[in-house]
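*Asks:* The amino acid sequence is not available; the structure is as follows:
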C-alpha cells in the first residue's frame, strides 16, 4: 500500500489529500452541529432532536428508531435544506465580496488541517513516522499564519453586507483577533523553548512536540523532563492558550462577531442557505483544528498517559511493530482527546453567559497578555538557568523577575478609579 501511494504522481497525491480533507471536514462540521444540539439538550434537561424519521426508513426494526432517537435524520434534513433552499442575494450588498466571504472562510479551515499530525506509526527501522498530510518543520507557524487569515472572511462579510449590524460584527471580529492572537502566540513560545535544547537543530514541528512528550525524541537533554505532558509542566501556558482558542474561534462567551442579543446575527445577518452554512462549517473546522492543537501541544498527542507512550502500551501486546495497528490506535487516542475538547467547547457555550464587548477587550489586553508575557519571561529564565546550571544568584533573579511580573499583572487587573 505504501509503495502504491509513493508511485502515484505528485499531482494525484495532492488531489487525493485535498479530497480527503473535504470529505472529512464537511461531515464533521455537520456532526458538530448535531452534537451541539444534543449536548445543549442534555445540559438543559430536555430531549433535543429526536422526531424526524423518513417513511422509507420507518420499517427498519432496530436501526430506524435508534437513528431517530439520536437525531441523525435532523442532520440529513438540515444538509438538504442548505443545499436546496433558495439562496437569496440582497440587492444592496457588494455582490462579488458578499459571495467571496464564505469561500474565504472555508480556505483556512481546510488548509490548516493539512499541517496537523493526527497519528503516527513505527516503520521497519523502529522510527516514528507521523500521519500528516504536509509534514513541515514549521508546523505551528503554518497553522497560526493560515488560520489567522480566517478573520478576513468575517471582515469582508460584514463590509460587503452594507448593513450596520454586520459591519459592527466584522469590526469586533478584527479587534478580537488582534487582542487574543498575541496571547495565544506568546503562550506556545515556552513550549518550543523547552523542546529546542541547546546544540540541537531548532524545530517548530508539532510532531516533535509530541515526541518530546513521549520521552522518545532525539533532542532530549538531561533534566528536560521528557515524557511529561506540557499541561503539567506549563499550566499557565495551557490556560492562556485555551482561553485564547475560545476567542479565536468566536465561541461563547467570546462570540462578539455574532452577538445576536445586540447585533441581530452579526457578520452573517444578511446570509442564508448554503453560504450561511459555510460559515458554520468553518467554525466547527476551526474548533476541531484548535482542539487538535491543544492535544498536541499540552496533552501528549496520541500518547494515552504521561510517561506512558503508546509504543510501550502496544509493546505489552507485541503490536508495536505493526504499522496498521499502531496507526489506528494512535488515531483513536488522538480523536478521543479531540472529541473531549469539542465537548468542552459546547459545554462552555451552554453554561457560561456571554461577555460584554468591553469585558472581552479588558480580559485580552489587561489580563491574558500580561499573564502570557510574565509566563514567557519565567520559562525563558528557568530554561537558561537549567541549561547553564547557574547558581543561587540566578535563581534569586528568577524569583524577583517572577514576583515583579506577577505584581504588574495583579495591578493591571485592578479596577481603575477616577
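*Replies:* That came through fine. Please read these numbers as outputs of a predicted model, since none were measured by experiment.
*Asks:* The nearest residue to residue 364 once chain neighbours are set aside: what's it in contact with?
*Replies:* Of all residues not flanking residue 364 in the chain, residue 179 sits nearest, at 3.4 Å (CB to CB, 6 or more residues apart in numbering). Quick note: C-beta positions are derived from backbone N, CA and C, even for glycine. With contact taken as CB atoms under 8 Å, 6 or more residues apart in numbering, residue 179 is in contact with 247, 360, 361, 364, 365, 369.
*Asks:* correct me, but residue 299 touches residue 231?
*Replies:* Yes. Counting by CB atoms under 8 Å, residue 231 is a contact partner of residue 299 at 5.8 Å.
*Asks:* okay, those two: which has more neighbours?
*Replies:* Ranked by neighbour count (other CB atoms under 10 Å), residue 299 and residue 231 place residue 299 first, with 23 against 19.
*Asks:* Could you tell me the phi and psi values at that one?
*Replies:* Phi and psi for residue 299, reported as degrees, to the nearest 10, are phi -120, psi 20.
*Asks:* Identify the residues contacting it.
*Replies:* Counting by CB under 8 Å, 6+ apart, residue 299 makes contact with 229, 231, 337.
*Asks:* Those residues in helices, which ones?
*Replies:* Residues of the contacts of residue 299 located in helices (DSSP state H): 231, 337.
*Asks:* nearest to residue 11, of the contacts of residue 299?
*Replies:* Checking the contacts of residue 299 against residue 11 by CB to CB gives residue 337 as the nearest, at 34.1 Å.
*Asks:* Tell me the spacing between that closest one and residue 252.
*Replies:* When distance is defined by CB to CB, to the nearest Å, residue 337 is 22 Å away from residue 252.
*Asks:* Pull the contacting residues for residue 74.
*Replies:* 34, 37, 49, 51, 52.
*Asks:* Find the helix or strand that it is a member of.
*Replies:* helix 72-84 (DSSP states H and E).
*Asks:* With residue 361 instead?
*Replies:* helix 357-362.
*Asks:* Could you list the buried residues of the very next helix or strand once past that helix?
*Replies:* Proceeding N to C from helix 357-362, the next assigned helix or strand is helix 369-388, under DSSP H and E. Buried positions in helix 369-388, judged by neighbour count with 16 or more other CB atoms under 10 Å: 369-379, 381-383.
*Asks:* What of stretch 294-314?
*Replies:* Neighbour-count burial for stretch 294-314, counted by 16+ other CB under 10 Å, picks out 294-303, 306, 309-314.
*Asks:* Also stretch 334-348?
*Replies:* Neighbour counts using 16+ other CB under 10 Å place 334, 335, 337, 338, 341, 342, 345, 346 of stretch 334-348 among the buried residues.
*Asks:* okay, the residue nearest the centre of the chain: pLDDT?
*Replies:* Using CA atoms, centre = their mean, the residue of the chain that lies closest to the mean C-alpha position is residue 290, 0.3 Å off. Residue 290 is assigned a pLDDT of 91 by the prediction.
*Asks:* now it, nearest residue through space, not along the chain?
*Replies:* If the residues on either side of it in the chain are set aside, residue 290 comes closest to residue 245, at 4.6 Å by CB to CB, 6+ apart.
*Asks:* just residue 42 next, same as before
*Replies:* Spatial nearest neighbour of residue 42, chain neighbours left out: residue 48 (7.1 Å); criterion: CB to CB, 6+ apart.
*Asks:* quick one, what contacts the residue nearest to residue 290?
*Replies:* Residues in contact with residue 245 (CB under 8 Å, 6+ apart) are 184, 290, 293, 294.
*Asks:* got the contact list for the residue lying closest to residue 113 once chain neighbours are set aside?
*Replies:* Spatial nearest neighbour of residue 113, chain neighbours left out: residue 21 (5.3 Å); criterion: CB to CB, 6+ apart. Contacts here follow CB under 8 Å, 6+ apart; on that basis residue 21 touches 110, 113, 114, 133.
*Asks:* can you do 7 Å?
*Replies:* Residue 21 makes contact with 110, 113, 114 under the criterion CB atoms under 7 Å, 6 or more residues apart in numbering.
*Asks:* any chance of those residues in a markdown table, with pLDDT too?
*Replies:* Listed next are the contacts of residue 21 as a markdown table, based on pLDDT from 0 to 100:
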| residue | pLDDT |
| --- | --- |
| 110 | 83 |
| 113 | 86 |
| 114 | 85 |
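*Asks:* neighbour-wise, which of these leads?
*Replies:* Counting by other CB under 10 Å, top hit in the contacts of residue 21: residue 113 with 24 neighbours.
*Asks:* close enough to count as contact, it and residue 25?
*Replies:* Yes. Counting by CB atoms under 7 Å, residue 25 is a contact partner of residue 113 at 6.5 Å.
*Asks:* Once you drop chain neighbours, what's closest to residue 16?
*Replies:* residue 8 (7.7 Å).
*Asks:* Is that neighbour part of a helix or strand, or is it coil?
*Replies:* Secondary structure assignment for residue 8 (DSSP: H, G, I helix; E, B strand; the rest coil): coil.
*Asks:* What is the burial count for it?
*Replies:* The local packing of residue 8 (other CB under 10 Å) involves 12 other residues.
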